[in-house]
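Trainee: predicted model and sequence below, questions to follow.
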Amino acid sequence: MTTNDIASATALETKAKLSGKVLKTTLAGALVDVGQSIPGVIHISQLSKDPINKVEDVVKEGQTIEVWVRRVKKDRIELTMIEPLALEWKEIEPDMVVKGKVVRLETYGAFVDIGAERPGMVHVSELAHGYVKTPGEIVKEGDEVEAKVLDVNRKKKQIKLSMKALEPEVEEFKPAKRENKKGGKRGPKKETSEIPAQEEEKEPEMTVMQMAWQEALDKAKAEKAYKVKRAKSSLSREQEDLLDRTMKKRLPTGG
């Protein structure tokens, strides 16, 4: 076995799918030729998801099988017939983008198979921007979707996803709010055109009652002025008569 042969084998990536021929079976597993310079080995626990008693119950010598790479060592390639998860728990991190298929709908959200041990859950509030009454309004079982990982709890084996996080947010039109009566601002003040000065200084129109009252005041003032004028006129005539009588008394009479 050359160094190049070993390098070629170690270049195999974990989870790589291969086709191989069973060379030999043992109590512990099977030896498989996968076209590499070093043999492939499948442990009995990796032959099936279900417990088995004998290796021959699953594979036989000379049989061609499909396997996946678990890890590569210097002297062997460890294989498995159990299809590995696309995402291991240690590989799932918040903010990563994943693709998957909707496998179940509930009133509170949709479950998406992203290749992990358990499906991720998209809450109804994370399906789309805006109000969503039921998940069925946005997705249906079998839909291929893309989502963003919000949170992963490895102990509880829960994965929280969001579809709306990958969609542009649409700004909703909101009319500007008016100021309340107390003067507090409820929203941005709208620009208004300036009011002409002549309109700002315009006096308010008088009411009928105010007009009647003003007319009565004007009439009373007029009557008072007339009486004063007459009194002055009467006094002036009395003074003239008195002066005239005085002058007549002082003038000598002819004789």
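Mentor: It's in.
Trainee: for this structure, what helix or strand is lowest in average pLDDT?
Mentor: Least confident element among the helices and strands of the chain, by mean pLDDT, DSSP states H and E: helix 197-200 (a mean of 44).
Trainee: doesn't Lys221 fall inside a helix?
Mentor: Yes: secondary structure of Lys221 (DSSP: H, G, I helix; E, B strand; the rest coil): part of a helix.
Trainee: what residue spans form the domains of the chain?
Mentor: If you go by automatic domain parsing, the domain ranges for the chain are 3-80, 89-166.
Trainee: which residue packs closest to Val67, ignoring adjacent ones?
Mentor: The spatially closest residue to Val67, leaving aside those adjacent along the chain, is Leu79, at 4.2 Å (CB to CB, 6 or more residues apart in numbering). C-beta coordinates here come from the backbone N, C-alpha and C atoms, glycine included.
Trainee: count the residues that sit near that neighbour.
Mentor: Neighbour count for Leu79, taken as other CB atoms under 10 Å: 26.
Trainee: that one sits in which helix or strand?
Mentor: Element membership for Leu79, per DSSP states H and E: strand 77-80.
Trainee: off-centre distance for that strand?
Mentor: In terms of CA atoms, centre = their mean, to the nearest Å, the centre of strand 77-80 is found 47 Å from the chain centre.
Trainee: please name every helix or strand in contact with the helix or strand that comes right after that strand.
Mentor: For strand 77-80, the following helix or strand on the C-terminal side (DSSP H and E) is strand 97-106. Strand 97-106 sits against strand 109-113, strand 144-153, with contacts defined as 3 or more CB pairs under 8 Å, 6 or more residues apart in numbering; DSSP states H and E.
Trainee: check which helices and strands the last one sits against.
Mentor: Strand 144-153 is packed against strand 97-106, strand 120-123, strand 158-162, with contacts defined by 3+ CB pairs under 8 Å, 6+ apart.
Trainee: which residues does Val112 contact?
Mentor: Contacts for Val112 (CB atoms under 8 Å, 6 or more residues apart in numbering) come out as 100-103, 119-122, 145, 147, 161.
Trainee: out of the residues you listed, which are buried?
Mentor: 100, 102, 119-122, 145, 147, 161 (16 or more other CB atoms under 10 Å).
Trainee: rewinding a little: name every strand pairing with the strand holding Leu79 and say which way it goes.
Mentor: Strand pairing for strand 77-80, determined by DSSP bridges: strand 40-43 (parallel), strand 64-72 (antiparallel).
Trainee: re earlier: and which of the contacts of Val112 is nearest to Ser19?
Mentor: Lys101 (25.9 Å; CB to CB).
Trainee: hang on, isn't the closest one packed against Ala147?
Mentor: No: Lys101 is beyond contact range of Ala147, at 11.3 Å (criterion: CB atoms under 8 Å).
Trainee: quick one: buried residues of stretch 87-107?
Mentor: Going by neighbour count (16+ other CB under 10 Å), the buried part of stretch 87-107 is 87, 92, 98, 100, 102, 105.
Trainee: likewise for stretch 138-150?
Mentor: Result for stretch 138-150 [16+ other CB under 10 Å]: buried residues 138-139, 145, 147-150.
Trainee: give me the sheet partners of whichever strand or helix holds Leu31 and which way each runs.
Mentor: Element membership of Leu31, judged by DSSP H and E, is strand 29-33. Strand 29-33 pairs in its sheet with strand 17-25 (antiparallel), strand 40-43 (antiparallel), by DSSP bridges.
Trainee: of these, which is nearest Asp33?
Mentor: Nearest to Asp33, of those and by CB to CB, is strand 17-25 at 4.9 Å.
Trainee: centre of the chain to that closest one, how far?
Mentor: So, by CA atoms, centre = their mean, the centroid of strand 17-25 is 52 Å from its chain's centroid.
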